[in-house]
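Student: model this:
(one chain, ligands or ions: 1)
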Amino acid sequence: SSSPKVALLGASGGIGQPLGLLLKQDKLIANLALYDVVNTPGVAADLSHIDTNAKVSAYTGSGELHAAVEGADVVVIPAGVPRKPGMTRDDLFNTNAGIVRDLVAVIAKASPKALIAIITNPVNSTVPIASEVLKKAGVYDKRRVFGVTTLDVVRAQAFVAELKGLDASKTTVPVIGGHAGITIIPLLSQVKPATKFTDDEIKKLTPRIQDAGTEVVNAKAGAGSATLSMALAGARFTNALLRGLKGENNVQCSYVASDAVKGVEYFSTPVELGPNGVEKILGVGKVSAYEQQLIDAAVSELNKNVQKGVAFVK
Ligand code: APR
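Tutor: Residues are numbered from 1 along each chain as shown. Below you'll find the predicted structure:
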């Protein structure tokens with residue numbers, strides 16, 4: 001619409017609050033609806049005092065969810081529990097799968113045309129869960145459901161810039177695959193500006209990017225997982241979706257229904273965003289032999305994650 005509405009589900013959480021702060025500063029947003037099971041009036045009152053134009057409203061509890069998402073152009077979902085040390089993202093499945101299923105069931109009714117950006121982990125499974133719920137409701141459009149993997153890109157860009165002494169804000173690194181462990185595949189052969197890495201650098205940087213979330217989980221020592229960097233990544237991705245809606249095509253890596261790689265239904269690659277969400281899947285491009293090995297290794301793991309999500313809804 002000409003006055004875009006963004007609904008943020010899980011708005012009171014560790015990610016939700018700083019993400020709401022960043023979205024309140026996005027000039028493309030006219031209405032920002034904050035939904036959570038707790039604390040949204042306080043967060044909304046606080047954000048509403050910021051002198052930007054986005055109008056902030058609060059919705060609390062499942063009875064207000066329909067109104068929160070009604071007419072939304074974009075729904076961003078960081079609702080759910082985060083990791084503690086020793087946990088993988090998949091360990092969150094039992095709690096978060098049901099949360100995503102129930103939220104998306106209401107989106108299917110109240111805002112079936114919304115672009116849905118899912119942050120709730122395990123993203124490799126929660127995106128298929130959302131898709132299955134939308135299919136059941138008869139409103140599925142594979143171009144409109146996204147797993148937010150932008151933090152993997154943000155991290156890869158930060159780490160590469162740091163290692164090579166580049167300007168981080170001008171460094172781009174595609175990261176493809178999924179959003180957990182070995183499914184995260186940084187394409188160091190496609191870094192811009194063109195950058196040469198030694199084998200040793202590649203073999204150190206790759207696992208660091210893959211395990212960067214765990215670095216934060218361990219440093220937070222039980223207090224949760226990445227919130228501030230995830231909020232930044234979520235805001236950057238939401239802004240890209242909104243620019244796409246306006247017809248300003250732009251490219252982002254995102255975990256979507258894709259035929260970019262054989263044998264797996266969902267895969268993150270660079271995608272072109274436009275008025276309908278995914279306009280074009282740009283694919284993996286030219287990869288090194290090492291990167292091809294990483295892709296091959298990721299496929300079976302990703303398939304397990306996808307099947308687990310699909311089975312949960314069925
Ligand atoms: N509906 C709406 N909000 C919910 C629901 C629900 N059914 N269940 C939980 N929430 C809210 C919580 O009330 C809380 O405000 O989600 C928020 C989650 O915040 P945190 O516990 O601080 O977790 P956070 O660090 O923000 O991570 C959230 O994002 O990156 C992922 O792995 C992470 O899955 C986790 C999610």
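Student: need the CA coordinates for stretch 151-167. CSV is fine.
Tutor: The C-alpha coordinates for stretch 151-167 follow below in CSV (Å, rounded to 0.1, in the frame of the first residue of the first chain):
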residue,chain,number,x,y,z
LEU,A,151,22.7,-11.8,10.0
ASP,A,152,24.9,-14.4,8.4
VAL,A,153,25.7,-11.9,5.6
VAL,A,154,26.3,-9.1,8.1
ARG,A,155,28.7,-11.3,10.2
ALA,A,156,30.5,-12.5,7.1
GLN,A,157,31.0,-8.9,5.9
ALA,A,158,32.2,-7.8,9.4
PHE,A,159,34.7,-10.7,9.7
VAL,A,160,36.0,-10.4,6.1
ALA,A,161,36.5,-6.6,6.4
GLU,A,162,38.2,-7.0,9.8
LEU,A,163,40.6,-9.7,8.5
LYS,A,164,41.4,-7.9,5.2
GLY,A,165,41.4,-4.3,6.5
LEU,A,166,38.5,-3.4,4.1
ASP,A,167,35.7,-0.8,4.6
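Student: so is that stretch next to the ligand?
Tutor: No. Using C-beta under 6 Å from any ligand atom, stretch 151-167 stays clear of the ligand, with a minimum separation of 8.1 Å. For every residue, glycine as well, the C-beta is placed using N, CA and C.
Student: what's that stretch in contact with?
Tutor: 168, 171-175, 179, 184, 186, 188, 191, 193, 195, 201, 205, 208-209, 212-213, 226, 229-230, 232-233, 236, 253 (C-beta atoms under 8 Å, 6 or more residues apart in numbering).
Student: identify each buried residue in that stretch, please.
Tutor: By 16 or more other C-beta atoms under 10 Å, the buried positions in stretch 151-167 come out as 151-161, 166.
Student: and if you look at stretch 5-25?
Tutor: For stretch 5-25, by 16+ other C-beta under 10 Å, it's 5-20, 22-24.
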